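> sharing a model that was predicted from the sequence below.
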Amino acid sequence: MTKEIIVVAYESDDDSKTVLAYAIDRASKSGAALHIVHVLEWSPYSFLTPQEVEERHGRRKQEMARAQEAILTPALAQCTAAGVEATAEIRYGQVVELILEITRAKGARMICVGRSGSNSMASRVFGSVPLGLAQSAPVPTVIVP
């Protein structure tokens, strides 16, 4: 029997710490494994020069290394300390799209995401990550306050 997987959309701010604590508790009780996903927003720019593209890819590698060290490694350590099996990955792109793609690929049974604290106009017009996931996810989505 395959272990149930819970995808955790993890940003490493106060909401995300709450999300991780909730997901760890949920996984502990159900015997599930966590897959923690940190998405760095990235949009392709077709108008950049080849030199700018190269510099941008260099920055991207640095950002990924920094995110691994500062965000995912501590999150995985927290899971290990709680006795919960966990994996993690960093991706670049559109947050909702990637979380949904990963959820489907992993066969996850649930998504946990923190409530967005943003009251910006862009958030109200275009929607937030939790709202996007709640509207589009193929599995239950828990929005943790």
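It's in.

> in the protein, what spans have low per-residue confidence?
For the chain, applying pLDDT under 70 flags the ranges 1, 13-16, 42-48, 116-127.

> can you pull out the strands in the chain?
Counting by DSSP state E, one finds strands in the chain at the ranges 5-9, 33-40, 86-92, 110-114, 141-144.

> between the ones you listed, which gets nearest to Gln51?
strand 86-92 (20.0 Å; CB to CB). To be clear about C-beta, it is placed using only N, CA and C from the backbone, and glycine gets the same treatment.

> related to what we said a few turns ago, let me have the strands of the chain in JSON lines, extended by mean neighbour count.
Output for the strands of the chain, formatted as JSON lines (neighbours: other CB atoms under 10 Å):
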{"stretch": "strand 5-9", "mean neighbour count": "26"}
{"stretch": "strand 33-40", "mean neighbour count": "22"}
{"stretch": "strand 86-92", "mean neighbour count": "17"}
{"stretch": "strand 110-114", "mean neighbour count": "25"}
{"stretch": "strand 141-144", "mean neighbour count": "20"}
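
> redo those as a markdown table? Include distance to Leu131.
Output for the strands of the chain, formatted as a markdown table (distance: least, CB to CB, whole Å):
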| stretch | distance to Leu131 |
| --- | --- |
| strand 5-9 | 12 |
| strand 33-40 | 16 |
| strand 86-92 | 20 |
| strand 110-114 | 10 |
| strand 141-144 | 9 |
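
> among those, which comes closest to Tyr22?
Minimum separation from Tyr22 across the strands of the chain (CB to CB) falls at strand 141-144, 4.7 Å.

> what's in contact with that closest one?
15, 18-19, 22, 26, 110-115, 130, 133-134 (CB atoms under 8 Å, 6 or more residues apart in numbering).

> dump it to CSV, keeping only the CA atoms.
C-alpha atoms of strand 141-144 as CSV (Å, rounded to 0.1, in the frame of the first residue of the first chain):
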residue,chain,number,x,y,z
THR,A,141,-7.3,22.1,0.0
VAL,A,142,-6.8,23.1,3.6
ILE,A,143,-6.3,26.9,4.0
VAL,A,144,-4.6,27.2,7.4
